[in-house]
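Colleague: What follows is a predicted structure for the sequence shown.
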Amino acid sequence: MSVLQITKLCSLNCTYCFDKVHQNEAKINKDGFFLKDEDFYKYLSRMNQFFQNKKEDKSICLSGGEPTLHPSFKKFVRSATNDNFKIYLLSNLSFDEDTRKFLKHYFDNGYLSCMTNINSPDDRGYSGMNDKLWENTIQNLEELQKPNIRFSFNIFDPEISYNFIYDLVERFPHMDDMIRIGIENTILPELRNRKTYVFHKDLWPKYQKLGKVIDEIIAKLHSMGKKIYFDCGAGWCIFDPKTISSIRENDGIIHGCSLPNDEVQTKGQYSTCYALYNYGNEQGEYNIQKNTMKQLRWISILQTEFFKNHYLLLPKCTNCPMLEQGCPRFCVSNNINYWGTVFDGEEKHSKEFLADLDYQKLSQDQKNYAYIEYLLSKQRFDEAREFMGKNQDLFSTKDRYGLYDILIEFFINLDKKKSLDRFYSFVEGKNFDSKDLDLAKLVELVVKNNK
C-alpha cells in the first residue's frame, strides 16, 4: 500500500512512537511539519498513472502524526475520492466534531476505512491523553463505529493494565472483528531523542514480559469472539506456542514484516518502510518530485529482499529453527539498526554489540554476508566492491560471494547484458541451497528489470 505521511504533528505524545525522533527534528528545525499540497497532488497524479491498466483497486493510506491535523486534510480527502481512490486512514480518532461530521459521509459510503490506535485513558503519562481528547475519541467511536474501522492497541509496558481494551471492545461491538495488536519497537527509550537508533540486549527480558502480557490479551479477545491481526514487531519466541496456534485457529493473521510499502514522508522523500525513515536515502535524492512510481518501487526492491529474507537479521534470529517454521522475525528496523550500530555506530556501542554472545555464535561467513548486504541495502556499492576485492579468496569457498559480486558489478557499471551473461554462466550446473537460490532469483530479477 502507498502510505502518505501528510503531517508530523500529533494530538498525542506516545512514548513508544517510532517516529518521535523525526517529529522532534521537525519541531527543532521548524521544517517538515506538513506535506506540501502540490506534492500531494503530484503524488496522486503519479498514482493515477501507475494504476492505469491494473486490476487492483486504487488505494492510499493517509498517516501522520495525526493526519486530520493537516490544514488541507479535507481537500486531500475530497480530491482523492473524486479520483476514485479508496482511503485508509491511520488516526487516533481524537479529532473534533467538525472533522467527524466531514468524515462520516465518507465512512458511510465506503470511500474511507480506518485503523485507530487507542491508548488507555488512565496512563496519561505515556500518551499525553487528556479529558477533552478522550471525550472526542469516545464520541467519535459512538458516531462512526462501523466494520470498516479497526481497533489497534500497542503493548509497550508489561507493568500497566490493559483492561481498557476489553471495555472498548465490549462497548463498541460494531467495529471490525479483526483487532490489531502491536508491540513496542525495541529501541531504548533514552535513545529516542538521538539521530540513530540502537537495539540493546537489555531490552530482551522486557520483550519476554511483553510476550506474556500479549498471551493474556489475545486469549481474552478470542473469548470475546474477536480475531487478531498481529503485524510486524516480534518473533514467536516471546509467546506461548498456544498463542500462535490460537491466532490461526480463530482466523487471525500473523503478518510479519509488511515490506515493501511506498512510504512518502512530509518532505516528499521516499522510503520502503515507515520505521526506516530515509534509510539509504539520507540525501533525499529519491522523492516524489524527481521519480516516477515505477522508479521508486524499483529503488526499494533490493533493500526489501535483504531485509526480509537473508542475513540482515538479529544474530539471535539468524540460526533459529523458528525461521523455517514461518516466524515473522522482529521488526526490520531493529535488525537494520542493530547492524548499523555494529558497522557504523559509535565505538562504545559497536564494541558492546560485537561482544554479544549471539553475535559471536555467527560464523565468519554469516558476518561477511551481513556486512555485504548492509552495504548493498545502503547503496554503498563502491565499499562493497572494495571489501570483495580484499577478500578474493572467499569466492572459491561459497557460491554466495559470487552472486554478490555479480550484483555489485551491475550496480556500478549498469551493463545489463554483461551482468546477465556472467550470471547465467555462473549459475549453470550449480545446486544452490534455499537461501542461495533466493539470492540467485533476486540477482536475476534486479539485473533483468532494474530501471
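Modeller: Received the coordinates, thanks.
Colleague: from here on, contacts and neighbour counts on C-alpha atoms
Modeller: Will do.
Colleague: the helices in the stretch 151-300 of the chain, which residues?
Modeller: According to DSSP state H, counting those that start in this stretch, the stretch 151-300 of the chain carries its helices in the segments 163-171, 204-223, 241-249, 293-309.
Colleague: Which strands or helices does the third one pack on?
Modeller: Helix 241-249 is packed against helix 204-223, strand 253-256, with contacts defined by 3 or more CA pairs under 8 Å, 6 or more residues apart in numbering; DSSP states H and E.
Colleague: and it, how far out from the chain's middle?
Modeller: Its chain's C-alpha centre and that of helix 241-249 lie 23 Å apart, by CA atoms, centre = their mean, to the nearest Å.
Colleague: now do the first one
Modeller: The gap between where helix 163-171 is centred and where its chain is centred comes out at 27 Å by CA atoms, centre = their mean.
Colleague: can I assume residue 113 sits in a strand?
Modeller: Yes: with DSSP: H, G, I helix; E, B strand; the rest coil as the criterion, residue 113 is part of a strand.
Colleague: so what's it up against?
Modeller: Going by CA atoms under 8 Å, 6 or more residues apart in numbering, residue 113 touches 87-89, 107, 148-149.
Colleague: Could you tell me which of those belong to helices?
Modeller: residue 107 (DSSP state H).
Colleague: tell me the two of the contacts of residue 113 that are most distant?
Modeller: 87 and 149 (11.9 Å; CA to CA).
Colleague: When the two are compared, which one has more neighbours?
Modeller: residue 149 (24 against 21; other CA atoms under 10 Å).
Colleague: hang on, that one packs against residue 176?
Modeller: Yes: using CA atoms under 8 Å, residue 149 is in contact with residue 176, at 5.8 Å.
Colleague: Could you tell me the least trusted of the helices and strands packed on helix 241-249?
Modeller: When the helices and strands packed on helix 241-249 are compared by mean pLDDT, strand 253-256 comes last with a mean of 74.
Colleague: hmm, back to that, any chance of the helices of the stretch 151-300 of the chain in TSV, with distance to residue 339 and mean neighbour count too?
Modeller: Putting the helices of the stretch 151-300 of the chain into TSV (distance: least, CA to CA, whole Å; neighbours: other CA atoms under 10 Å) gives the following:
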stretch	distance to residue 339	mean neighbour count
helix 163-171	36	14
helix 204-223	17	17
helix 241-249	28	14
helix 293-309	11	18
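Colleague: can you list the weak-confidence ranges in the stretch 151-300 of the chain?
Modeller: 185-203, 233, 255-260, 274-284, 298-300 (pLDDT under 70).
Colleague: quick one: which of the contacts of residue 113 sit in strands?
Modeller: Using DSSP state E, 87-89, 149 are the members of the contacts of residue 113 that sit in strands.
Colleague: Pick out the residue nearest the middle of this structure.
Modeller: The residue lying closest to the centre of the chain (CA atoms, centre = their mean) is residue 273, at 4.3 Å.
Colleague: For the host helix or strand of residue 76, output the C-alpha coordinates as PDB.
Modeller: Assigned by DSSP states H and E, residue 76 belongs to helix 73-82. Provided in PDB are the C-alpha atoms of helix 73-82 (Å, rounded to 0.1, in the frame of the first residue of the first chain):
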ATOM      1  CA  PHE A  73      -6.800  17.300   5.100                       C
ATOM      2  CA  LYS A  74     -10.400  17.800   3.900                       C
ATOM      3  CA  LYS A  75      -9.200  18.900   0.500                       C
ATOM      4  CA  PHE A  76      -7.000  15.900   0.200                       C
ATOM      5  CA  VAL A  77      -9.800  13.500   1.000                       C
ATOM      6  CA  ARG A  78     -12.200  15.200  -1.500                       C
ATOM      7  CA  SER A  79      -9.600  15.200  -4.200                       C
ATOM      8  CA  ALA A  80      -8.600  11.500  -3.700                       C
ATOM      9  CA  THR A  81     -12.100  10.200  -3.500                       C
ATOM     10  CA  ASN A  82     -13.100  12.200  -6.600                       C
END
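Colleague: ok, residues contacting that helix?
Modeller: 40, 44, 67-68, 86-87, 102, 111.
Colleague: Return the set of buried residues in it.
Modeller: For helix 73-82, the buried set under the neighbour-count rule, 16 or more other CA atoms under 10 Å, comprises 73, 76-77, 80-81.
Colleague: now, which of these sits nearest residue 31?
Modeller: Closest to residue 31 out of the buried residues of helix 73-82 is residue 73 (18.4 Å), distances taken as CA to CA.
Colleague: So which residues of the chain form strands?
Modeller: Using DSSP E, strands in the chain cover 2-5, 59-63, 86-91, 112-117, 149-155, 178-183, 227-231, 253-256, 262-264, 270-271.
Colleague: can you give me the helices in the stretch 351-451 of the chain?
Modeller: Under DSSP H, counting those that start in this stretch, the stretch 351-451 of the chain gives helices at 357-360, 364-377, 381-390, 399-413, 416-427, 434-449.
Colleague: CSV for these, including distance to residue 54 and mean neighbour count?
Modeller: Listed next are the helices of the stretch 351-451 of the chain as CSV, based on distance: least, CA to CA, whole Å; neighbours: other CA under 10 Å:
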stretch, distance to residue 54, mean neighbour count
helix 357-360, 45, 14
helix 364-377, 29, 19
helix 381-390, 34, 15
helix 399-413, 29, 19
helix 416-427, 27, 15
helix 434-449, 19, 16
